[in-house]
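Novice: Any chance you can model this:
(one chain, ligands or ions: 1)
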Amino acid sequence: MENNSYQAIVAEEFNGIFTQSVKEYFIKDLPDNYVLIRVHYSSLNYKDALSATGHKGVTKQYPFTPGIDAAGVVVNSKSPDFKTDDKVIVTSYDLGMNTPGGFGQFISVPAEWIVPLPSNLTLKESMMIGTSGLTAGIGVHKIITHPFLSNDINVLVTGATGAVGSFAVALLSHLNINVTAATGKVDQTEFLTSIGAKEVVHRDNINNVTDRPMLSGKWNASLDTVGGNMLDAVLRQTEHNGIVACCGNVLGNELQTSILPFILRGITLAGIDSGIALMELRKTIWHKLSTDWKLPNMQKISREISLTDLPGEFQKILEGKQVGKVLVKLFKK
Ligand SMILES: NC(=O)c1ccc[n+]([C@@H]2O[C@H](COP(=O)([O-])OP(=O)(O)OC[C@H]3O[C@@H](n4cnc5c(N)ncnc54)[C@H](OP(=O)(O)O)[C@@H]3O)[C@@H](O)[C@H]2O)c1
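Specialist: Just a heads-up that it's a prediction; the model follows:
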């Protein structure tokens, strides 16, 4: 098995320019990380595009195979927790950052990173969810367990056509929660309504507002995937005792905002880090996503491509042009 070859996307640097292509590797070249997995599906995340295009804050050494998500079957295990033919999911930790990732047909990872595939999900469905669905799930979990909110709440989702945003819109709607989708792509209004948005607003209506420290409260809760001045504007438009769950930094790493929504309205700002989320929380959310939170319309928010199609998708996600989730099939059959 170790002498077998496999295909993977490789990001390489030539004179400061990064390229991505499909290349042949040997299984024996993978790090010896206890559990060898044949990857059936992966999915594209914003972080993968950063890794693929040379962001050293994500990936330090090249050539490198990105892909923070993988779902597949155990081929070989030195861990007592997993055995050959187990179906498993790996998302984040160091996968696709500095450990060769899910855009290769095989990965080798520590057992501690692995979640057994929930019995009610296929490998394909698990990657229609992937890190973005898990992130949306953690955000929704933080919102609906927030102690000060009633059942009858209005929730705003920003970056709504993105992978995290569209999953969050669909999940909140599935839970019978009123959801407003904020987007820069108003031509996607029909898509957003079809996955459950009650209202679709142009994102400028949210973040092109005066810099008064507090504005009239419009939502009880928000899931912000964008960060920067969008997050600031959302915080200042949240109702008394509301919660803003944030995961993204599309608009950068800085947050300049007013303290007043926190001390006069009791707003909670809750961070989401699905990268190193506690295994217990991961398992809880995966279980929910495979049972009462399982979306009947998952295929509406994902589009399947093959490994060879991937290089064309990185720039698109960096430019905020993706709609929904990109599912990657690793083997033709
Ligand atoms: N913390 C975590 O655990 C975690 C996990 C997953 C992802 N993330 C982060 O969450 C963010 C979203 O991830 P994703 O996978 O959903 O990415 P994505 O699919 O690219 O979605 C991002 C969305 O942001 C919106 N956007 C893009 N440029 C914008 C701009 N200039 N101003 C305002 N909005 C803009 C776009 O939505 P509209 O066109 O609809 O406005 C875009 O579709 C990224 O920063 C990612 O790194 C964090």
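
Novice: Thr84 falls within a strand, correct?
Specialist: No: assigned with DSSP: H, G, I helix; E, B strand; the rest coil, Thr84 falls outside any strand and is coil.

Novice: How much space separates it from Val73?
Specialist: The span separating Thr84 from Val73 equals 8 Å under the rule CB to CB, to the nearest Å. Every residue, glycine included, has its C-beta placed from N, CA and C.

Novice: Verify the stated contact: Val164 with Cys247.
Specialist: Yes: taking CB atoms under 8 Å as the contact criterion, Val164 and Cys247 are neighbours in contact, 6.2 Å apart.

Novice: what ranges of the stretch 51-200 of the chain fall below the confidence cut-off?
Specialist: For the stretch 51-200 of the chain, not a single residue meets the criterion pLDDT under 70.

Novice: Quick check: neighbours shared by Val164 and Cys247?
Specialist: Contact criterion CB atoms under 8 Å, 6 or more residues apart in numbering; residues shared by Val164 and Cys247: Thr135, Gly139, Leu223, Thr225.

Novice: Read off the pLDDT value for Glu2.
Specialist: Looking at Glu2, its pLDDT is 66.

Novice: what does Asp273 give?
Specialist: Asp273 is assigned a predicted lDDT (pLDDT) of 94.

Novice: Can you tell me the SS state at it?
Specialist: Taking three-state DSSP as the rule, one finds Asp273 in the coil state.

Novice: ok, now which ones touch it?
Specialist: For Asp273, the contacting residues are Cys247, by CB under 8 Å, 6+ apart.

Novice: show me the contacts for Trp293.
Specialist: Under the contact definition (CB under 8 Å, 6+ apart), the residues listed for Trp293 are Gly137, Val140, Leu171, His174, Leu175.

Novice: okay, now the fourth one: neighbour count?
Specialist: So that's His174. The tally of other residues near His174 (other CB atoms under 10 Å) stands at 18.

Novice: what's the nearest residue to it if we skip its chain neighbours?
Specialist: Residue nearest to His174 in three dimensions, not counting chain neighbours: Leu295, with 5.7 Å by CB to CB, 6 or more residues apart in numbering.

Novice: ok, that neighbour - contacts?
Specialist: Phe167, Ala170, Leu171, His174, Ile301.

Novice: Is the ligand within reach of stretch 318-330?
Specialist: Yes: contact between stretch 318-330 and the ligand, assessed by CB under 6 Å from any ligand atom, occurs at Gly320, Gln322.

Novice: Distance check, Asn98 against Lys28.
Specialist: For Asn98, the distance to Lys28 under the criterion CB to CB works out to 19 Å.

Novice: So between these two, which is more surrounded?
Specialist: Set side by side, Asn98 and Lys28 show more neighbours around Asn98, with 14 against 11, by other CB under 10 Å.

Novice: can you list the domain ranges for this protein.
Specialist: What the record gives for the chain is the domain set 5-117+299-329, 132-271, from automatic domain parsing.

Novice: centre of the chain versus the shortest one, how much separation?
Specialist: Once both centres are worked out by CA atoms, centre = their mean, to the nearest Å, domain 132-271 turns out to sit 16 Å from its chain's centre.

Novice: Out of the contacts of Leu295, which comes closest to the ligand?
Specialist: If you rank the contacts of Leu295 by distance to the ligand using CB to the nearest ligand atom, Phe167 comes first, at 8.1 Å.

Novice: tell me the contacts of that closest one?
Specialist: For Phe167, the set of contacting residues under the criterion of CB under 8 Å, 6+ apart consists of Ile129, Ser132, Gly133, Ala136, Gly137, Leu295, Ile301, Lys325.
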